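Novice: pasting the structure only:
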C-alpha cells in the first residue's frame, strides 16, 4: 500500500490562553492513511513556543522545517498532539515524508 500527502491531516486552533496571557494553540497531526508514515517534516516558519513541547513529538530542526515524532513512523490512525504558546498561530503544512 502507498501513502500520500493527503493521509497526513494537520489541525490546529486556539485554546485557553497560557497563565501569562499569551495565546495558546492545540495541534493534532493525524495519520489518516492505512500504512505507517515516517520522517514527517512540516513547513513551520520560525516555530517557537513559550511552553516546552516534547522534542520527541515535535521540534524545529531548521528555518521553516519541523520534524514530527522524532522522524519515527507514525502508525495508521495515530495522532500526535501538543499545545504551544506564542503571540500568533504558525501555519503548518506537510513538506516531506516516507511511506
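Specialist: Arrived safely. Note that the structure is predicted; figures quoted are calculated from it, not measured.

Novice: Now do the contacts for residue 20.
Specialist: Taking C-beta atoms under 8 Å, 6 or more residues apart in numbering, we find residue 20 in contact with 50, 85. All C-beta atoms are positioned from the backbone trio N, CA, C, and that covers glycine.

Novice: Need the per-residue pLDDT for it.
Specialist: The score at residue 20 is 78. That number is its pLDDT.

Novice: swap in residue 95?
Specialist: Here, the pLDDT recorded for residue 95 equals 98.

Novice: Was I right to think it contacts residue 39?
Specialist: No. The pair residue 95 / residue 39 is not scored as a contact, 10.4 Å apart, by C-beta atoms under 8 Å.

Novice: Now residue 93. Its backbone dihedrals?
Specialist: Geometry field for residue 93 lists phi and psi as phi -150, psi 150, criterion degrees, to the nearest 10.

Novice: now residue 55, nearest residue through space, not along the chain?
Specialist: residue 70 (7.5 Å; C-beta to C-beta, 6 or more residues apart in numbering).

Novice: Torsion angles phi and psi at that neighbour?
Specialist: Dihedral angles of residue 70 (phi, psi; degrees, to the nearest 10) stand at phi 60, psi 20.

Novice: So what's the residue count around it?
Specialist: Neighbour count of residue 70, defined by other C-beta atoms under 10 Å: 13.

Novice: That one contacts residue 58, correct?
Specialist: No. Applying C-beta under 8 Å, one finds residue 70 not in contact with residue 58, separated by 9.1 Å.

Novice: could you show me where the strands are in the chain, in order?
Specialist: Ranges of strands in the chain, per DSSP state E, are 8-15, 24-31, 38-43, 58-62, 65-68, 79-85, 93-98.

Novice: quick one: which of these is nearest residue 49?
Specialist: Closest approach to residue 49 among these is made by strand 79-85 (3.7 Å; C-beta to C-beta).

Novice: and residue 75, what does it touch?
Specialist: Neighbour list for residue 75: 31, 36 [criterion: C-beta under 8 Å, 6+ apart].
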